Every structure is written in C-alpha cells, then in structure tokens.
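**Q** Test case, fold it:
(chains A and B)
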Number of protein chains: 2
Amino acid sequence: MNEPQRIWTAAAVIIGDEILSGRTHDKNIAQIAAWLQVQGIRLAEVRVIADDMDAIATAVNALRIKHDYLFTTGGIGPTHDDITVDAVAAALGLEVVIHPEARAMLESYYETRGGLNEGRLRMARVPAGADLIPNHYSGAPGIKIDNLYMMAGVPHITAGMLDGLTGSLEGGAPLISEVIGCWVPESEVAVLLREVEKAHEGCQIGSYPFFREGRVGANFVVRSTDPDQVRSCIDTLCEGLGESGWDFTPGGI
Amino acid sequence: MNEPQRIWTAAAVIIGDEILSGRTHDKNIAQIAAWLQVQGIRLAEVRVIADDMDAIATAVNALRIKHDYLFTTGGIGPTHDDITVDAVAAALGLEVVIHPEARAMLESYYETRGGLNEGRLRMARVPAGADLIPNHYSGAPGIKIDNLYMMAGVPHITAGMLDGLTGSLEGGAPLISEVIGCWVPESEVAVLLREVEKAHEGCQIGSYPFFREGRVGANFVVRSTDPDQVRSCIDTLCEGLGESGWDFTPGGI
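**A** Have a look, this model is predicted:
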C-alpha cells in the first residue's frame, strides 16, 4: 500500500487587458503548468484579470492562502499600465520600496542602453521585504515575496525566470500521464472509459475529442502519481479498445 | 458631452484538467473575448479550473452574479469526465433533466452513426428549464440557462455555437481599439505614454513589448468607446513618438 501523499498545488493570476480583449493569446498558462508538473506541483486554478488594482489584489488574496504557491504574470514592466507591484503590495499591506540589488541590475543593464530613466527605475520597485528572481533576458528581475512569484507578461522572459527557479520549490510526487490516441468517436467508448477508470484507483482518464482530416477521434490521457497504476490502466484501456475493434496509437494522435 | 454609458460585462469559466496540465493550449479565451467585443460586451474575468464539481459550482456562483453574462467551456460531452451540467445544476439548485429537443437532435444526428447509446444520451441532459444553443458541427447542443451559456471545450464547436448566438445578447457601445507599433524599448517612452493617456479622458493605452528579429519593440493599443477620442489619442501619441525620433507603424508590428 502506498502512503497517502501530500499534493502540492499552485494557482496563477494572468494580469492583462490584452488577453481579455482577445488581442493576445496567452502562452503563460501552458508554460507555467508544464513547468510546475516537473516540480511535482499541480496547477489547480488560474484567473485571468484586467490591469486593475482591485481585481489584482482580490485575486492575489483569494489564491495565495488557498495554494502552496501563487504565480502572477504581467504588469511588472516600466510603463504606467504596469501596476502589479503596487496592487500586490496593497494586497499584502506592504509599502513599495526600491530594491537596491534590482536598481544595481538595471543600472548595469542600461549602462550601454541609454541609462536609467524614470520608467526603467519603476522596474526596481518591489513590495518591502521581497526577493528577486533573476531574468537573464532583459535586466528587470521577477519578484518573490512569501509564496508569491511575480513573473513577466512576455512569455520568453517568464520562461527564463522559471528556468532560474527550477528545483527551488518544494513539491510532491509528479503526476505521471500517458496518452492513447484512437480514431473513435468518444461517445462510442464512454462506458469503457468510465469502467476502466473505476477499476484503477487513483487514476483519472481524461477524454479529449478532436476532428481532423475529416474524421473524429479522441486522445485518452491517464493520470496518476503511481506509474504502475498508469501502466496497468493504459493496458486495460488498450485491451478494451482492441476488443471493440478500434485501432489505437500509444503516445496519442 | 457623452452620456455615461452602461458597460456590459461577461466572465468565462474554462473547465479542463487538460489546460491546467499544460497539455492543451486554450483557444477559447481568445475567441470568446474577440466575439464578445463585437457584441459590445467586455470579457472582465476568466477562471480556468479543474474538472471538479465543487470547483465548477464555486466559480459559476461567484461569477454569474457579478457579470451580465457567464460562459463556460468544456465538460458537456459524452464521457464520465463531462460533469459541467451536473455541477451547474447543483450550483443553481436545479435538477438535471433530459431535454426532449436535445434528445431528438441527437437521435437524428446519430441515426446514421450507430444510434443513440448511454454516453450520447448524456449530451441531452440539461439543468431543468434550460434552453439549447444550436451546434451545427456535431449534433450535441450548447446549453443556456438564465445568463449562463455552456459551450463545448473543442474550439471549433464553440466557434459554431458563438456564431449561432451572434446578435442575440444585449450589449453596449463596443470598445474601439487602434494600434501603433514602434521599434522602441517601451521604457524609453513610458513618460510619453502616461501623459498622452492622462490627456485623453476615457482612453486607455496598453503597452505590449516584444523581442523580434533581434530587436525590441512595443505595440501601443489605445482603447475607448469613443472613436474620436481614440483617433485623437493615437494622433498625439504618433506626434510624440515622431518628435522623439521613433518610427512608428500604424496597425502595429
């Protein structure tokens, strides 16, 4: 018997009018989710909210208590619409201060790029007591305070910050997943899926239908923290699909 | 002077473990956002949550009261992990019933596709009193109850459902936006952006930096419900960028 395992969870707050207007397609949810998986942490909830002080403070306070970790993306740049630091400080009841190390980083980065100006200096502002998250791409660091990680909105900068954090967050057993793809309408095998899931404790089977090349199919994703259970669940599922005459593709379609 | 305008808002709840695992990149936020803009409705908030009864019910009840409209995506298919109808019914304190018209639609759709089975019949289940949203792609309709619209998870099916709803939701003046792209580090023009925004009441300027072809730049998006204000704000911004010696590209880069 396995001991019950502690599950570590995280939430993310995606801050940006540009996502809510449909102008920009968010890429940070997927990359944070995938990165957290590897750290043994589950992304449990995401909120996408406007560049608005109250909306940010409300979301941050609702989620930082509920989860082990909270990530924000967006709103830590140099312009007037970058208000995340102020909103988070307000949410935590902290002052905003200039972080001396961040200021030094920015001074060095902008030394050959026109020097530090009012806008650039904004990127050294942090809630009092915060630490920095290195950013090898553009000089301006991310910000960590308590269990809250404030990342950039630009996806490749956030990618660099995540990279810098790899291995530094405590997590649990990573969720293992395996995929079987099948050219079957999922409604043909709904009963099979339900029964195979029931027979494998701690396994979840997700069914993700698609329509491609003029045909319908589905990918079946089996998830569990126990690799043996995942394997056994996949085997039973494949057997069932085979018995019903459906071809399946390990790894998904 | 313009009368103050009522602003209509919507929220969306994206239901899906597959988004939170990072396996699938969500496409519904952007398409719902863009569609709502045209209806004169602002997408104010999005939550991405797990396939979990409580999580769905909590998000639905928090958001349906706060906004004029609430959209959900995902979890209305034929398999065991499709629990949105049950969760929404629980949230609203309603029973789940078979909608006779939905049943007839499914019977007709599956007549030449192997007939109605247990899984497929699940897609005729609705919270008592709900109406249907037509789906020309795959037989199974979306569901409307009060101000709540339950859409598919598969983006092209949701696209078809949105299409069917076009013009049927009351909205206000659409938010107009215009974009100027510029090969400038946004931190060079932070003061200009802030001052131009201040001088144009009701206008918001969003600054969206990027890094492409080895150079940094930014798109500046001006938004307002008043087209004259947007025009005037864009003109002032272009003048300011020109005076500082920055080339700009109307329409964005």
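
**Q** Domain map for chain A?
**A** A:8-165, A:176-250 (automatic domain parsing).

**Q** Comparing those, which comes out most buried?
**A** For the domains of chain A, the largest average neighbour count (mean count of other C-beta atoms under 10 Å in any protein chain shown) is found in domain A:8-165, namely a mean of 20. Bear in mind the C-beta positions are built from the backbone N, C-alpha and C, glycine included.

**Q** Now that one: average pLDDT?
**A** Mean per-residue pLDDT for domain A:8-165: 94.

**Q** Up against chain B, what does the stretch 51-200 of chain A have?
**A** A:51, A:55, A:77-81, A:113-114, A:117-120, A:122-123, A:137-138, A:153-154, A:156, A:175, A:177, A:185-191, A:193-194, A:197 (C-beta under 8 Å from any C-beta of the partner chain).

**Q** Strands of the stretch 151-253 of chain A, residue ranges please.
**A** With DSSP state E, counting those that start in this stretch, the ranges of strands along the stretch 151-253 of chain A come out as A:176-182, A:204-212, A:215-224, A:248-250.

**Q** can you pull the contacts of the closest residue in space to A:Gly40 that isn't next to it in sequence?
**A** Distances taken as C-beta to C-beta, 6 or more residues apart in numbering or on different chains put A:Gly171 closest to A:Gly40, at 2.9 Å, once the chain neighbours are dropped. Counting by C-beta atoms under 8 Å, 6 or more residues apart in numbering or on different chains, A:Gly171 touches A:Trp8, A:Leu36, A:Gln39, A:Gly40, A:Ile41.

**Q** Quick check: bridge partners of the first one?
**A** To tie it back to what came earlier, the one meant is A:Trp8. A:Trp8 forms beta bridges with A:Ile41, as assigned by DSSP bridges.

**Q** can you tell me how far A:His136 sits from A:Gly160?
**A** 5 Å (C-beta to C-beta, to the nearest Å).

**Q** what does A:Ala130 give?
**A** 19 Å.

**Q** got it, and A:Glu239?
**A** 45 Å.

**Q** How about A:Leu192?
**A** 44 Å.

**Q** And the helices in the stretch 1-150 of chain A?
**A** All helices of the stretch 1-150 of chain A, identified by DSSP state H, counting those that start in this stretch, fall at A:17-20, A:28-39, A:53-66, A:84-92, A:100-110, A:118-122.

**Q** quick one, helices of the stretch 151-253 of chain A?
**A** Under DSSP H, counting those that start in this stretch, the stretch 151-253 of chain A gives helices at A:155-165, A:190-198, A:227-243.

**Q** now the shortest one: how far from the chain's centre is it?
**A** Centroid separation between helix A:190-198 and its chain, computed with C-alpha atoms, centre = their mean, to the nearest Å, is 29 Å.

**Q** Summarise which helices and strands it is packed against.
**A** strand A:204-212, helix A:227-243, helix B:118-122 (3 or more C-beta pairs under 8 Å, 6 or more residues apart in numbering or on different chains; DSSP states H and E).

**Q** and that helix, C-alpha only, in PDB?
**A** Extracted in PDB, the C-alpha atoms of helix A:190-198 (Å, rounded to 0.1, in the frame of the first residue of the first chain):
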ATOM      1  CA  ALA A 190     -17.800   6.300 -22.900                       C
ATOM      2  CA  VAL A 191     -18.800   3.200 -20.900                       C
ATOM      3  CA  LEU A 192     -15.400   1.600 -21.400                       C
ATOM      4  CA  LEU A 193     -13.600   4.700 -20.200                       C
ATOM      5  CA  ARG A 194     -15.700   5.000 -17.100                       C
ATOM      6  CA  GLU A 195     -15.300   1.400 -16.100                       C
ATOM      7  CA  VAL A 196     -11.500   1.300 -16.700                       C
ATOM      8  CA  GLU A 197     -11.100   4.400 -14.600                       C
ATOM      9  CA  LYS A 198     -13.300   2.900 -11.800                       C
END
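
**Q** Give me the angle between it and strand A:204-212.
**A** Inter-element angle recorded for helix A:190-198 and strand A:204-212: 150 degrees (by axes from the mean of the first three to the mean of the last three C-alpha atoms, to 10 degrees).

**Q** contacting residues around helix A:190-198?
**A** Contacts of helix A:190-198 (C-beta under 8 Å, 6+ apart): A:186, A:203-205, A:207, A:220, A:233, A:236-237, A:240-241, A:244, B:78-81, B:117-120, B:122.

**Q** if I look at the residue of the stretch 151-253 of chain A found nearest chain B, how far off is B:Ala104?
**A** The nearest approach of the stretch 151-253 of chain A to chain B comes at A:Ala190, 2.7 Å away (C-beta to the nearest C-beta). For A:Ala190, the distance to B:Ala104 (C-beta to C-beta) stands at 20 Å.

**Q** Relative to A:Asp163, how far out is A:Tyr149?
**A** From A:Tyr149 to A:Asp163 the distance is 13 Å (C-beta to C-beta).

**Q** same thing with A:Gln229?
**A** Taking C-beta to C-beta, one finds A:Gln229 at 31 Å from A:Asp163.

**Q** and if you look at A:Gln204?
**A** From A:Gln204 across to A:Asp163, the span is 29 Å (C-beta to C-beta).

**Q** nearest residue to A:Thr236 other than its sequence neighbours?
**A** On the basis of C-beta to C-beta, 6+ apart, the spatially nearest residue to A:Thr236 that is not a chain neighbour turns out to be A:Val196, at 5.1 Å.

**Q** Likewise for A:Glu101?
**A** A:Leu132 (6.0 Å).

**Q** which residues does that neighbour bridge with?
**A** Bridge pairing for A:Leu132 - DSSP bridges - gives A:Ile143.

**Q** who are the neighbours in contact with it?
**A** Counted by C-beta under 8 Å, 6+ apart, A:Leu132 has contacts A:His99, A:Glu101, A:Ala102, A:Met105, A:Val126, A:Pro141, A:Gly142, A:Ile143, A:Lys144.

**Q** If we use 10 Å, what do you get?
**A** A:His99, A:Glu101, A:Ala102, A:Met105, A:Ala124, A:Val126, A:Ala140, A:Pro141, A:Gly142, A:Ile143, A:Lys144, A:Gly164 (C-beta atoms under 10 Å, 6 or more residues apart in numbering or on different chains).

**Q** ditto for A:Gly16
**A** Contacts of A:Gly16 by C-beta under 10 Å, 6+ apart are A:23-24, A:26, A:28, A:48-51, A:73-75, A:81, A:84, A:153, B:206, B:208.

**Q** how about a cut-off of 7 Å?
**A** Taking C-beta atoms under 7 Å, 6 or more residues apart in numbering or on different chains, we find A:Gly16 in contact with A:Asp51, A:Gly74, A:Gly153.

**Q** A:Ala90: which of the residues you listed is nearest?
**A** Of all the contacts of A:Gly16, A:Asp51 has the smallest distance to A:Ala90: 14.2 Å, by C-beta to C-beta.

**Q** Assess the claim that that closest one and A:Gly75 are in contact.
**A** Yes. Checked against C-beta atoms under 7 Å, the pair A:Asp51 and A:Gly75 is within contact range at 6.1 Å.
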